[in-house]
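Q: My questions are about this predicted structure, shown below with the sequence.
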Amino acid sequence: MDAKALWQRYQNWLYFHEGLGLYLDVSRMRFDDTFVDSLQPKFDQAFADMVALEKGAIANPDENRMVGHYWLRNPDLAPTPELTQEIAQTLEQIEAFAEKIQTGAIHPPRANRFTDIISIGIGGSALGPQFVAEALSPDFPPLKIHFIDNTDPAGIDRILTQLRNSLASTLVLVISKSGGTPEPRNGMIEVKKAYAGQNLEFSQYAVAITSVDSNLDKIAKAEGWLARFPMYDWVGGRTSEMSTVGLVPAALQGIDIRAILEGAKEMDDATRVADIKNNPAALLALSWYYAGNGKGEKDMVVLPYKDSLLLFSRYLQQLVMESLGKEKDLDGNTVYQGIAVYGNKGSTDQHAYVQQLREGVPNFFATLIEVLEDRQSPSPEIDPGVTSGDYLSGFLQGTRQALYENHRDSITVTIPQVNPRTVGALIALYERAVGLYASLVNINAYHQPGVEAGKKAAAAILDLQKSVIEVLQTEKSPLTLAEIAEKAGATEKIEAIYIILRHLYANQRGVVLHGNLGQPSSLKVSLG
Ligand SMILES: O=P(O)(O)OC[C@H]1O[C@](O)(CO)[C@@H](O)[C@@H]1O
């Protein structure tokens, strides 16, 4: 396409949201009008599905749940007056709590105010809060947030060591919708022990964000924690940033949560429009469908050209991949759907993997995120008439152009600045795009059956570990792996037993391995 035609295509397809100052450019996705027309019936269905979802249909049939994250930013849309009221009241409670914490009206027993937060949670109970903290937390927040988002002992130690001298003024948020996920549970237990180690009464520092009557909720209630905030079954983990999960940590850091909600609401209004060309989420879904042939054949590389948006790709990874990565469609057919997402930030990645994007295997499409405002103050000149921001902007355009010239497609999302409104709008944009795309490919975007399989397998390994220890406790002489497996009634699990024992041995957990560690059949095992 010559320059003139390309400029025309750019103008034809450019989407602009005036209120948010947000642009979306899909002109560098090479679909033609015939392709767009061919998808119109699927889009008609997708728009209709979305209307039903917003009205409270059971859009997550396997779990028999409504899907209501859109109500969080516009409570009047909730299907019952009770829900509308509950959403509004919870928001007020969050704000009141944050204010009391920040002013010291609620303070820890041995300090006049809280200075830090440990946020314990995983997946949707961590990624949104992490993304928002990185994007929006002020340089000197009223409370500084630290995350424990795994069951890695060294990772937990790192946070607890950093906070060793300020634990007495550190608030702990335990965030888990189900209230039973092992990683946050382990984190909570370890953190609780650390507080006990400093003679601090954990309940006076702890806040639970979880479903009413979950295991976590019961513990928090029984122990009299500082506060409990409800999480709703009609909000999925990966779409929970605008529920208590995201809003409590954000408010505590002094982030304007009403502005996040407002930005999301404005975007929700824009993405409700049943017209592909005038709906930015539909334009994204169309582009994704085009890029991957409706089968996820191309990966989505997300490159925000702004350091504070670094975690956007990680956030999107869960939103997109946990929602769209499905074996079965809604009719039970095996479809193996999904879109792989990765990325960090521009122009940093220019010096890492953009070489492959430009010249290597063409198995992706890029999403470039542009932020118009360089910084909040005037920029010094690096060269005469040129600033660092000009370089960043130039690198973005350069990458977009270089990719296009080599037949690599890209989408560009442009926002005026990174602020609570635009961050809320970005989240809402992608939530809706995922929902629409799921309808286009006829899958349930709101369940995650695959994760359960991994959780079950992990639980089975921990059960096996118990059986192996029991076998070793009843045997006086060292045993081979085969003997242990047989006595544990798990001959087919000998490899897992070897890996369990190697881990216990490496951590001085009372297991001794004699023989060549690299030759499992030579090993004899005993309790030391
Ligand atoms: O908030 P919870 O219930 O601890 O779950 C954490 C995460 O685990 C998952 O259920 C599975 O990975 C995610 O969907 C969820 O965000």
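A: Thanks, I have the structure now.

Q: how about the residues of this protein near the ligand?
A: With the criterion set to Cβ under 6 Å from any ligand atom, the chain comes near the ligand through 122-125, 176-178, 181, 184, 237-238, 322, 448, 451. Where C-beta positions appear, they are placed from N, C-alpha and C, glycine not excepted.

Q: Show me the strands in this protein, by range?
A: Residue ranges of the strands in the chain, as given by DSSP state E, are 15-17, 22-25, 116-120, 144-148, 170-176, 206-211, 227-231, 299-304, 341-342, 364-371, 410-415, 511-514, 524-527.

Q: For residue 9, which of the ones you listed is the nearest?
A: Among those, strand 22-25 comes nearest to residue 9, with 9.9 Å by Cβ to Cβ.

Q: wait, which of the residues of the chain next to the ligand is closest to residue 465?
A: Of all the residues of the chain next to the ligand, the one with the least separation from residue 465 (Cβ to Cβ) is residue 181, at 19.5 Å.

Q: quick one: contacts for residue 317?
A: 341-342 (Cβ atoms under 8 Å, 6 or more residues apart in numbering).

Q: that older thread, now which of the residues of the chain next to the ligand would you call buried?
A: Neighbour counting by 16 or more other Cβ atoms under 10 Å classes 122-125, 176-177, 181, 184, 237-238, 322, 448 among the residues of the chain next to the ligand as buried.

Q: what's residue 137 in contact with, if anything?
A: Contacts for residue 137 were tallied using Cβ under 8 Å, 6+ apart; they are 145, 253-255.

Q: I'd like these written out as CSV, with neighbour count added.
A: As requested, the contacts of residue 137 are arranged in CSV below (neighbours: other Cβ atoms under 10 Å):
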residue, neighbour count
145, 21
253, 22
254, 16
255, 23
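
Q: Tabulate the strands of the chain (TSV), appending mean pLDDT.
A: Below are these laid out as TSV (pLDDT from 0 to 100):
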stretch	mean pLDDT
strand 15-17	98
strand 22-25	98
strand 116-120	98
strand 144-148	98
strand 170-176	98
strand 206-211	98
strand 227-231	98
strand 299-304	98
strand 341-342	98
strand 364-371	98
strand 410-415	98
strand 511-514	96
strand 524-527	96
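
Q: and residue 439, which of these is closest to it?
A: In terms of Cβ to Cβ, the element of these nearest to residue 439 is strand 299-304, at 18.1 Å.

Q: can you pull the alpha-carbon coordinates of the closest one into CSV?
A: Written as CSV, here are the backbone C-alpha positions of strand 299-304 (Å, rounded to 0.1, in the frame of the first residue of the first chain):
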residue,chain,number,x,y,z
ASP,A,299,0.7,-14.1,19.9
MET,A,300,-0.1,-10.7,21.3
VAL,A,301,3.1,-8.7,22.1
VAL,A,302,2.2,-5.8,24.3
LEU,A,303,4.7,-2.9,24.4
PRO,A,304,3.8,0.1,26.5
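
Q: now what about it, what contacts it?
A: Looking at what lies outside strand 299-304 - Cβ under 8 Å, 6+ apart - the contacts are 288, 291, 310, 312-313, 316, 320, 339-346, 349, 357, 363-369, 371, 399.

Q: Ok, stretch 389-402 next?
A: When contacts are defined by Cβ under 8 Å, 6+ apart, stretch 389-402 is touched by residues 28, 303, 305, 346-347, 350, 354, 358, 366, 368, 370, 374-375, 379, 382, 410, 412.

Q: Give me the PyMOL select line for those residues, limited to the buried ones.
A: Selection command for PyMOL covering only the buried members of these, criterion 16+ other Cβ under 10 Å:
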select buried, resi 28+303+305+346+347+350+354+366+368+370+374+410+412
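
Q: Among the residues of the chain next to the ligand, find the lowest-pLDDT one for me.
A: By predicted confidence (pLDDT), the lowest-ranked of the residues of the chain next to the ligand is residue 451, with 89.

Q: Isn't that residue up against residue 322?
A: Yes: with contact defined as Cβ atoms under 8 Å, residue 451 and residue 322 form a contacting pair (7.3 Å).

Q: between the two, what contacts are shared?
A: If you check residue 451 and residue 322 against Cβ under 8 Å, 6+ apart, no residue is contacted by both.

Q: quick one, what contacts whichever residue of the stretch 301-450 of the chain sits closest to the ligand?
A: Residue nearest to the ligand within the stretch 301-450 of the chain (Cβ to the nearest ligand atom): residue 448, separated by 5.0 Å. By Cβ under 8 Å, 6+ apart, the contact list for residue 448 reads residue 322.

Q: can you tell me how far it sits from residue 62?
A: 10 Å (Cβ to Cβ, to the nearest Å).

Q: Neighbours of residue 278, how many?
A: Taking other Cβ atoms under 10 Å as the neighbour definition, residue 278 ends up with a count of 11.

Q: who touches it in this structure?
A: With contact set as Cβ under 8 Å, 6+ apart, residue 278 has these partners: residue 15.

Q: Quick check: the gap between it and residue 370.
A: Taking Cβ to Cβ as the measure, residue 278 falls 21 Å from residue 370.

Q: Check residue 329 too.
A: Noted for residue 329: a distance of 35 Å to residue 370, by Cβ to Cβ.

Q: Please enumerate the helices of the stretch 401-528 of the chain.
A: Taking DSSP state H, counting those that start in this stretch as the criterion, the stretch 401-528 of the chain carries its helices at 420-440, 449-474, 481-487, 494-506.

Q: Highest mean neighbour count out of these?
A: Burial among those, expressed as mean neighbours by mean count of other Cβ atoms under 10 Å, is greatest for helix 420-440, which shows a mean of 25.

Q: Check which helices and strands it sits against.
A: Applying 3 or more Cβ pairs under 8 Å, 6 or more residues apart in numbering; DSSP states H and E, we find helix 420-440 packed against strand 22-25, helix 33-54, helix 69-73, helix 127-136, helix 257-270, helix 280-292, helix 312-324, strand 410-415.

Q: could I get those as TSV with distance to residue 199?
A: Converted to TSV, the helices and strands packed on helix 420-440 look like this (distance: least, Cβ to Cβ, whole Å):
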stretch	distance to residue 199
strand 22-25	51
helix 33-54	50
helix 69-73	39
helix 127-136	29
helix 257-270	34
helix 280-292	52
helix 312-324	37
strand 410-415	48
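
Q: Please name whichever of the ones you listed is nearest to residue 421.
A: Smallest distance to residue 421 across these (Cβ to Cβ): 3.4 Å, for helix 257-270.

Q: Please point out which parts of the closest one sit buried.
A: Of the residues in helix 257-270, those scored as buried under the neighbour-count criterion (16+ other Cβ under 10 Å) are 257, 259-268, 270.

Q: Give me the angle between that helix and helix 280-292.
A: In terms of direction (axes from the mean of the first three to the mean of the last three Cα atoms, to 10 degrees), helix 257-270 departs from helix 280-292 by 70 degrees.

Q: what residues does helix 257-270 touch?
A: 17, 19-20, 22, 70, 72-74, 91, 94-95, 132, 136, 242, 246-247, 250-251, 279-281, 419-429, 432.

Q: show me what contacts residue 231?
A: Shown here is residue 231, whose contacts under the criterion Cβ under 8 Å, 6+ apart are 177, 209-211, 240, 243-245.

Q: Let's see that with 6 Å instead.
A: For residue 231, the contacting residues are 177, 210-211, 244, by Cβ atoms under 6 Å, 6 or more residues apart in numbering.

Q: same thing with residue 65?
A: Going by Cβ under 6 Å, 6+ apart, residue 65 touches 233-234.

Q: List phi and psi for the residue of the stretch 301-450 of the chain closest to the ligand.
A: phi -150, psi 60 (degrees, to the nearest 10).

Q: Let the chain start at 6 from now.
A: Let's use 6 as the start, then, which means that last one is residue 453.

Q: Please report the distance of it from residue 182.
A: On the measure of Cβ to Cβ, residue 453 and residue 182 end up 12 Å apart.
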